[in-house]
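A.B. asks: Got a predicted structure plus its sequence, pasted below:
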Amino acid sequence: NMEKILEYRMMPYGEQHILLVARDITRISQLEDMRKDFVANVSHELRTPLTVLNGYLEMFAGGTQSMPDEFVRKAFTEMSEQSVRMQSLVEQLLVLSRIEASSERIYEKMVDVPAQMQTIESEAQTLNKEKGHQIEFHIDPNVKVFGVETELRSAFSNLIFNAVHYTPNGGHIRVDWRLEQGQARFSVTDNGEGIAERHLARLTERFYRVDKARSRKTGGSGLGLAIVKHVLSHHNSKLEISSEVGKGSCFSFRFSPELTVVSSEEAQR
Ligand code: ADP
């Protein structure tokens, strides 16, 4: 005898009336909870066996020079690479299910975004070694927000690392963090390959990729933007994407004035 879960919608009905529509979503929300639990459990259970496999494979793949057979050498190297990939997929799935289940209150802690950006910038530069982009960070040191530190960090870094990843070598990437009309706003702009209009609506779905064949080769889980979407919805925000094929993309979002903190304000409190 579970309580019913109802979803309400209010709409204007003529000049003076309001129509209230209630929908029973008990079943839908039970199924959704089961799906979330299932994904969380499966990824958790897969972790240990994968760690074991990974450890041994890495050990063997490290000793391939001494293996006489070319085929065996290749096989071990490939098995080791794929098992690392599988492990990172499972980790990302766990991150996603934790965020979906997260009930941490966003107003409780202030997140020092400028400090986070410094860490992310040096990680991005490491990633950038092979790509040789020009990466610029324009960060207002006075702008901070209320939120969940780990979640915001993964949103920022996913978007920035994607720009590094999907822009052909020697590109230009610009990251902005500033105040706009009382709202903290993040954006990352690249001059990479861009994304066709028809993909934009589905881009934040789990495992959605623009170029399936190629992303399988380049790694990545297809979960990055799904994670970003959930983090942002937890922070009452929404991802905005503008993109043009061949020109580049811009991913941005803003925080409501209630979540935005400016340092000078902070000093006065
Ligand atoms: P992943 O990068 O692991 O494939 P994401 O969810 O982070 O998964 O991204 C989904 C897809 O969106 C990518 O596979 C890629 O096709 C596209 N994409 C994301 N960021 C960019 C970007 N900056 N430029 C072009 N395409 C992008």
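C.D. replies: Sure, I can see it. Numbers count the residues shown, from 1 in each chain.
A.B. asks: When you work out contacts or count neighbours from here on, use the C-alpha atoms and nothing else.
C.D. replies: OK.
A.B. asks: ok, residue 174 touching residue 135?
C.D. replies: Yes. With contacts counted by Cα atoms under 8 Å, residue 174 reaches residue 135, the gap being 5.9 Å.
A.B. asks: quick one, which of these two is more surrounded?
C.D. replies: Shown here are residue 174 and residue 135; by other Cα atoms under 10 Å, residue 135 has more neighbours (20 against 17).
A.B. asks: what sits against the more buried one?
C.D. replies: Contact partners of residue 135, counting by Cα atoms under 8 Å, 6 or more residues apart in numbering, are 125, 172-175.
A.B. asks: rerun at 10 Å
C.D. replies: Contact analysis of residue 135 by Cα atoms under 10 Å, 6 or more residues apart in numbering lists 121, 124-125, 128, 160, 163-164, 170-175, 189-190.
A.B. asks: try residue 120
C.D. replies: Residues in contact with residue 120 (Cα under 10 Å, 6+ apart) are 114, 126, 153-154, 156-158, 160-161.
A.B. asks: any idea how far it is from the ligand?
C.D. replies: According to Cα to the nearest ligand atom, to the nearest Å, residue 120 stands 16 Å off from the ligand.
A.B. asks: hmm, back to that, mind checking which of the contacts of residue 120 are buried?
C.D. replies: The neighbour-count criterion (16 or more other Cα atoms under 10 Å) marks 114, 153-154, 156-158, 160-161 among those as buried.
A.B. asks: Give me every residue in the stretch 101-250 of the chain lying close to the ligand.
C.D. replies: Residues of the stretch 101-250 of the chain lying near the ligand by Cα under 6 Å from any ligand atom: 162-163, 166, 192-195, 203, 208-211, 215, 220-226, 249.
A.B. asks: What strand or helix carries the residue in the stretch 1-150 of the chain positioned nearest to the ligand?
C.D. replies: Per Cα to the nearest ligand atom, residue 89 is where the stretch 1-150 of the chain lies closest to the ligand, at 9.0 Å. With secondary structure defined by DSSP states H and E, residue 89 is part of helix 70-101.
A.B. asks: Show me which residues of that helix are buried.
C.D. replies: Within helix 70-101, the residues that count as buried by 16+ other Cα under 10 Å are 73, 76-77, 79-81, 83-97, 99-100.
A.B. asks: now for that helix, which elements pack on it?
C.D. replies: Helices and strands touching helix 70-101, by 3 or more Cα pairs under 10 Å, 6 or more residues apart in numbering; DSSP states H and E, are helix 26-62, helix 149-166, helix 224-234.
A.B. asks: which is the next helix or strand following the helix or strand in which residue 178 is found?
C.D. replies: Following DSSP H and E, one finds residue 178 within strand 172-180. Next helix or strand after strand 172-180 toward the C-terminus (DSSP H and E): strand 183-190.
A.B. asks: Return the distance of that following strand from the chain's centre.
C.D. replies: The chain centroid and the centroid of strand 183-190 are separated by 15 Å under Cα atoms, centre = their mean, to the nearest Å.
A.B. asks: Provide the contact partners of stretch 24-36 at residue level.
C.D. replies: In this structure, residues lying in contact with stretch 24-36 by Cα under 10 Å, 6+ apart are 2-8, 37-38, 40-41, 96-98, 100-101.
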